[in-house]
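S.K.: sharing a sequence plus its predicted fold:
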Amino acid sequence: MSRKKIVAGNWKMNKTLPEAEALVKSIISGCPEGNEVTKIFFPPSLFIEKISGLVNGKANFHVGAQNCHHLPAGAYTGEVSAAGVASCGAQYVLTGHSERRIYFSESSEELRQKIDVALKNNLSPIYCVGEKINERKTNGYFHAVKKQIEDVIFYLKPDDMKRVVLAYEPVWAIGTGETATPDQAQEMHAFMRLAVAEKFGPEMAANTSILYGGSCNAGNAKELFSCPDVDGGLIGGASLKADEFLMIINSF
Ligand code: 13P
């Protein structure tokens, strides 16, 4: 089994450039020498190049884009392309985040295209899935997550799937302070890994990193990361403070 342990910080629409640089510098300088966790910063797109310069040459630090357009290029005012963010140093891209599904009505078809265009530009997609509160309450959460997985990543070729990271982010836990319990997270992560195994085989499933996101912080990361199928976290609010993010990195 060779799957990576990953802690990723999704800064969303937060930070100015000087604040972003200060945050990254503090995290890099506070990170213990030889730390093997893969650490990825997802700043707003306009800071990618600067942050990429700061992490360049720093072992196990990377930068990703929070989004890219599903088409390669064209007349889409205000959008950013996969090729564009890759040329600024991004190595990963978030896809399927619930905020994009909900506020920007991203469809499964668009997400398939987004993952395709990302892979063509050497970006590794982190594909996010997660149920809404009503789906949790009515026991529809396995069905909801399975559908998001089937509709978007089951069409991938195995060589492409190898480059995908999955993230379970229950919508009811994002930014609410309400975290999935370790049992709830483990149950869903095991279910997702089984879905990958059924489609792509047990080796692919064993090698796919599955991150947990949703009010993950320095106080609960250790318990969540100790679950056998939780390979790290996709952190929102708690990734905006260096000391808290460093504690999360040290929670394995
Ligand atoms: P919070 O950690 O702020 O709940 O956000 C999680 C998230 O959406 C990460 O992508």
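M.R.: Received it, and whenever you're ready, just let me know what you need. Every value quoted in this text rests on a predicted model; they were computed, and no experiment measured them. Residues are numbered from 1 along each chain as shown.
S.K.: pLDDT value on the residue sitting furthest away from the middle of the chain, please?
M.R.: Residue farthest from the centre of the chain, counting by C-alpha atoms, centre = their mean, is Ala75 at 27.8 Å. What the model reports for Ala75 is a pLDDT of 98.
S.K.: so it versus Ser81, what's the distance?
M.R.: 12 Å (C-beta to C-beta, to the nearest Å). C-beta coordinates here come from the backbone N, C-alpha and C atoms, glycine included.
S.K.: contacting residues around the closest residue to the ligand within the chain?
M.R.: Nearest residue of the chain to the ligand: Gly236, at 2.2 Å (C-beta to the nearest ligand atom). Listed by C-beta atoms under 8 Å, 6 or more residues apart in numbering, the contact set of Gly236 reads Asn10, Lys12, Ile174, Gly175, Gly213, Ser215.
S.K.: how close does it get to Asp183?
M.R.: 22 Å.
S.K.: same deal with Phe245?
M.R.: Where Asp183 is concerned, Phe245 sits at a distance of 25 Å (C-beta to C-beta).
S.K.: go on, Tyr168?
M.R.: The gap separating Tyr168 from Asp183 is 13 Å, by C-beta to C-beta.
S.K.: more crowded one of those two?
M.R.: Neighbour count, other C-beta atoms under 10 Å: between Tyr168 and Asp183, Tyr168 has more, with 25 against 9.
S.K.: the more buried one against Ile210, yeah?
M.R.: Yes. Assessed by C-beta atoms under 8 Å, Tyr168 is found in contact with Ile210 at 6.4 Å.
S.K.: intersection of neighbour lists for the two?
M.R.: His189, Met192.
S.K.: can you count the residues close to Ala59?
M.R.: For Ala59, the count of nearby residues is 12 (other C-beta under 10 Å).
S.K.: which residues touch it?
M.R.: Gly34.
S.K.: what kind of secondary structure is it in?
M.R.: coil (DSSP: H, G, I helix; E, B strand; the rest coil).
S.K.: got it, and the one 3 residues further on?
M.R.: When classified by three-state DSSP, His62 comes out as strand.
S.K.: hey, where'd the strands end up in the stretch 101-250 of the chain?
M.R.: Counting by DSSP state E, counting those that start in this stretch, the stretch 101-250 of the chain has strands at residues 124-129, 165-168, 210-212, 232-235.
S.K.: residue contacts, Pro44?
M.R.: So Pro44 contacts Trp11, Met13, Asn14, Lys15, Ala20, Gln66 (C-beta under 8 Å, 6+ apart).
S.K.: so the fourth one sits against Ala242, correct?
M.R.: So that's Lys15. No. Contact criterion C-beta under 8 Å: Lys15 and Ala242 do not qualify, at 11.9 Å.
S.K.: what's the overlap in contacts for those two?
M.R.: With C-beta under 8 Å, 6+ apart, Lys15 and Ala242 have common neighbours Leu23.
S.K.: tell me, how many residues neighbour Ser156?
M.R.: If you look again at residue 156, you'll see it is Leu, not Ser. 20.
S.K.: got a list of what it touches?
M.R.: Leu156 is in contact with Ile115, Val164, counting by C-beta under 8 Å, 6+ apart.
S.K.: what of the one 4 residues further on?
M.R.: Taking C-beta under 8 Å, 6+ apart as the definition of contact, the neighbours of Asp160 are Ile115, Leu119.
S.K.: what's the spacing between it and Ala218?
M.R.: On the measure of C-beta to C-beta, Asp160 and Ala218 end up 35 Å apart.
S.K.: over to Thr181?
M.R.: 17 Å.
S.K.: more neighbours: which of those two?
M.R.: More crowded of Thr181 and Ala218, by other C-beta under 10 Å: Ala218, with 18 against 12.
S.K.: ok, for that one, nearest residue in space, not its chain neighbours?
M.R.: Sequence neighbours aside, Met247 is the residue nearest to Ala218 in space, at 3.7 Å (criterion: C-beta to C-beta, 6 or more residues apart in numbering).
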